[in-house]
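Visitor: here are the coordinates; sequence isn't available:
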């Protein structure tokens with residue numbers, strides 16, 4: 001174990017410290033930059049996150065990582081942090097246009113310093129979350145990652161939907177926070193310590209989870225709290241309303257960065273110190289996966305609002321990811337690789353989808369009928385939409401196919417063939433509701449009135465992409481193809 005002032009620990013802690021300093025600096029940019037605040041604040045945040053990513057990539061970690069007290073940094077932890085930083089960077093780039101008037105029917109965002117600062121503080125909490133070695137650090141990281149999101153969701157005070165979404169999210173989040181604290185108190189009573197090592201020792205001494213009531217209560221309460229973050233059934237009811245009411249960039253971050261943090265937190269606990277009573281937990285995770293797949297798939301079929309559609313799609317995607325926790329003994333490494341790769345792929349496809357939604361939403365409501373004629377208005381955006389939807393379905397050779405295959409393979413390790421069958425059925429059904437979007441995008445505009453939509457609901461003006469927009473669309477499309485056809489990224493994750 002390193003000391004807090006040893007060179008390895010300070011080097012490993014440097015990206016976290018740099019991110020915290022960056023968040024504080026961004027909060028003060030509105031004082032320094034009186035003009036063009038949003039532009040300069042975004043530039044500072046992007047440059048700082050790029051520096052954090054470079055620091056993470058250059059960390060000279062030993063094979064076992066470094067640790068001190070309740071904090072640790074391993075190679076696997078670094079991969080999680082890179083995923084969080086990339087999601088935050090993509091959110092900042094997506095949000096830049098929303099600080100200018102006329103770029104959204106929902107109105108412009110204000111206070112860029114507060115917006116980017118809160119986003120970076122949330123990312124700092126995610127960094128602390130995956131580095132935790134005890135329940136206290138874990139809880140602090142979890143709350144620091146979540147609390148700024150409540151404010152970000154309600155950051156459009158003139159928009160009633162944003163205020164309503166922020167209120168609902170905060171109330172449900174307070175319940176989840178209380179549940180996690182209550183669960184931690186039970187686990188402390190069972191183990192006599194907050195440390196993960198003591199918790200693992202007590203868990204391994206039990207023949208089954210039900211043999212220790214305090215341990216069982218603590219595990220179920222923590223799983224419920226993390227289920228809220230994951231939008232896992234039966235804790236998913238907040239997601240459609242919050243996704244619909246939050247600013248578009250915040251919804252994108254909730255769908256990608258926040259979900260990645262929830263998966264990382266679940267991995268930290270249930271593929272770590274609470275991984276030992278596997279039979280009990282495997283059945284619980286399998287049941288939650290089935291319910292999430294069914295609720296997300298059936299809910300998405302009925303939606304016409306794009307944001308609510310994405311929310312139900314996110315619930316179904318959570319069901320797929322929960323399969324990784326059903327693999328049984330010896331599947332920990334395979335589960336972690338599958339989850340990290342799948343989150344990278346899902347995040348790329350989701351940001352591609354939100355990129356299209358943000359451009360369509362400049363001149364039309366964010367509904368599925370508003371996509372009608374997109375292929376005529378912008379063939380490039382329609383093609384990007386097709387790639388993102390095909391990847392979310394899991395059609396080869398796009399990246400989503402390999403991501404789902406890895407998750408199904410983990411579930412197969414422990415004989416969960418019924419779960420795999422239900423997952424395959426959900427994939428088949430997802431083809432129907434994802435293709436609804438693509439059908440509208442390639443629907444000829446002249447047939448809009450015959451389809452029952454008023455002519456005013458179908459914007460005919462072409463969508464022109466700036467040079468930066470063209471580069472972003474090209475990069476997202478290339479990533480969706482390359483991540484599925486080249487195993488380099490998967491090999492990189494596996495080597496960590």
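Guide: That came in fine, so what should we check first? Values in this document were obtained by computation on a predicted structure and should not be read as measured data. Residues are numbered from 1 along each chain as shown.
Visitor: residue boundaries of the helices in the stretch 151-300 of the chain?
Guide: Listed in chain order, the helices of the stretch 151-300 of the chain (DSSP state H, counting those that start in this stretch) span 160-191, 196-204, 213-230, 238-245, 248-253, 259-270, 278-301.
Visitor: repeat for the stretch 301-450 of the chain
Guide: Secondary structure of the stretch 301-450 of the chain (DSSP H, counting those that start in this stretch): helices at 306-322, 332-360, 374-377, 379-393, 399-413, 417-441.
Visitor: out of the ones you listed, nearest to residue 252?
Guide: Shortest separation from residue 252 across those is recorded for helix 332-360, at 4.2 Å, computed as CB to CB. In this view, the C-beta of every residue, glycine as well, is placed from N, C-alpha and C.
Visitor: Point out the other helices and strands that the closest one packs with.
Guide: Contact here means 3 or more CB pairs under 8 Å, 6 or more residues apart in numbering; DSSP states H and E; on that basis helix 332-360 packs against helix 75-95, helix 248-253, helix 259-270, helix 306-322, helix 379-393, helix 399-413, helix 467-485, helix 488-495.
Visitor: Using CSV, please lay out the ones you listed together with mean pLDDT.
Guide: Converted to CSV, the helices and strands packed on helix 332-360 look like this (pLDDT from 0 to 100):
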stretch, mean pLDDT
helix 75-95, 90
helix 248-253, 89
helix 259-270, 91
helix 306-322, 92
helix 379-393, 91
helix 399-413, 88
helix 467-485, 85
helix 488-495, 60
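Visitor: Quick one: residues contacting residue 343.
Guide: 83, 256, 259, 260, 263, 321 (CB atoms under 8 Å, 6 or more residues apart in numbering).
Visitor: oh sorry, the question was meant for residue 116
Guide: Applying CB under 8 Å, 6+ apart as the definition, the contact partners of residue 116 turn out to be 26, 41, 42, 45, 92.
Visitor: That one sits in which helix or strand?
Guide: Using DSSP states H and E, the element containing residue 116 is helix 112-130.
Visitor: Any chance of TSV for the helices of the stretch 151-300 of the chain, columns mean neighbour count and distance to residue 481?
Guide: As requested, the helices of the stretch 151-300 of the chain are arranged in TSV below (neighbours: other CB atoms under 10 Å; distance: least, CB to CB, whole Å):
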stretch	mean neighbour count	distance to residue 481
helix 160-191	19	34
helix 196-204	17	39
helix 213-230	22	28
helix 238-245	24	27
helix 248-253	27	21
helix 259-270	24	22
helix 278-301	20	25
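Visitor: thinking again about what came up before, JSON lines please, covering the helices and strands packed on helix 332-360 and showing distance to residue 292.
Guide: What follows is these, written out as JSON lines (distance: least, CB to CB, whole Å):
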{"stretch": "helix 75-95", "distance to residue 292": "21"}
{"stretch": "helix 248-253", "distance to residue 292": "19"}
{"stretch": "helix 259-270", "distance to residue 292": "12"}
{"stretch": "helix 306-322", "distance to residue 292": "3"}
{"stretch": "helix 379-393", "distance to residue 292": "15"}
{"stretch": "helix 399-413", "distance to residue 292": "13"}
{"stretch": "helix 467-485", "distance to residue 292": "24"}
{"stretch": "helix 488-495", "distance to residue 292": "24"}
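Visitor: And those helices: which comes nearest residue 117?
Guide: Across the helices and strands packed on helix 332-360, residue 117 has its closest neighbour in helix 75-95 (11.3 Å, CB to CB).
Visitor: Give me the buried positions along the closest one.
Guide: Within helix 75-95, the residues that qualify as buried are 76-95, counting by 16 or more other CB atoms under 10 Å.
Visitor: Can you get me a residue count around residue 394?
Guide: Here the number of neighbours of residue 394 (other CB atoms under 10 Å) works out to 24.
Visitor: got a pLDDT number for it?
Guide: Model confidence at residue 394, given as pLDDT, is 89.
Visitor: Was I right to think it contacts residue 404?
Guide: Yes. Using CB atoms under 8 Å, residue 394 is in contact with residue 404, at 4.2 Å.
Visitor: what do the two both touch?
Guide: Common neighbours of residue 394 and residue 404 (CB under 8 Å, 6+ apart) are residue 427.
Visitor: burial measure for the nearest residue to residue 28 once chain neighbours are set aside, as a count.
Guide: The shortest distance from residue 28 to any non-neighbouring residue, by CB to CB, 6 or more residues apart in numbering, is to residue 113 (7.1 Å). A total of 22 residues lie near residue 113 under the criterion other CB under 10 Å.
Visitor: measure residue 113 to residue 26 for me?
Guide: Taking CB to CB, to the nearest Å as the measure, residue 113 falls 6 Å from residue 26.
Visitor: same thing with residue 246?
Guide: Residue 246 sits at a distance of 20 Å from residue 26 (criterion: CB to CB).
Visitor: which residues touch residue 358?
Guide: Remark: with contacts taken as CB under 8 Å, 6+ apart, residue 358 is in contact with 94, 97, 98, 104, 248, 249.
Visitor: Need the residues you listed in a markdown table (columns: distance to residue 68).
Guide: Formatted as a markdown table, the entries for the contacts of residue 358 read as follows, by distance: CB to CB, whole Å:
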| residue | distance to residue 68 |
| --- | --- |
| 94 | 36 |
| 97 | 43 |
| 98 | 40 |
| 104 | 45 |
| 248 | 40 |
| 249 | 36 |
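Visitor: tell me the two of those residues that are most distant?
Guide: Greatest spacing in the contacts of residue 358, by CB to CB: 94 and 104 (11.7 Å).
Visitor: what sits in contact with each of those two?
Guide: Each of 248, 358 lies in contact with both residue 94 and residue 104 under the rule CB under 8 Å, 6+ apart.
Visitor: In contact with the residue lying closest to residue 378 once chain neighbours are set aside, which residues?
Guide: Among residues not flanking residue 378 along the chain, residue 463 sits closest, at 4.1 Å (CB to CB, 6+ apart). The contact partners of residue 463, taken as CB under 8 Å, 6+ apart, are 359, 360, 374, 377, 378, 381.
Visitor: Of the residues you listed, just the buried ones, PyMOL syntax please.
Guide: In PyMOL, this line selects whichever of those come out buried by 16+ other CB under 10 Å:
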select buried, resi 359+360+374+377+378+381
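Visitor: Adding distance to residue 177, write the contacts of residue 463 out as a markdown table.
Guide: Conversion of these to a markdown table gives the following (distance: CB to CB, whole Å):
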| residue | distance to residue 177 |
| --- | --- |
| 359 | 36 |
| 360 | 36 |
| 374 | 41 |
| 377 | 44 |
| 378 | 43 |
| 381 | 39 |
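Visitor: Tell me the one among the contacts of residue 463 nearest to residue 334.
Guide: residue 381 (36.5 Å).
Visitor: Name the nearest residue to the closest one, sequence neighbours excluded.
Guide: Setting aside the residues directly before and after it, residue 381 is nearest to residue 356 in space (CB to CB, 6+ apart), at 5.3 Å.
Visitor: now the helices for the stretch 1-150 of the chain?
Guide: With DSSP H, counting those that start in this stretch as the definition, the stretch 1-150 of the chain shows helices at residue ranges 7-27, 29-32, 37-57, 75-95, 112-130, 135-153.
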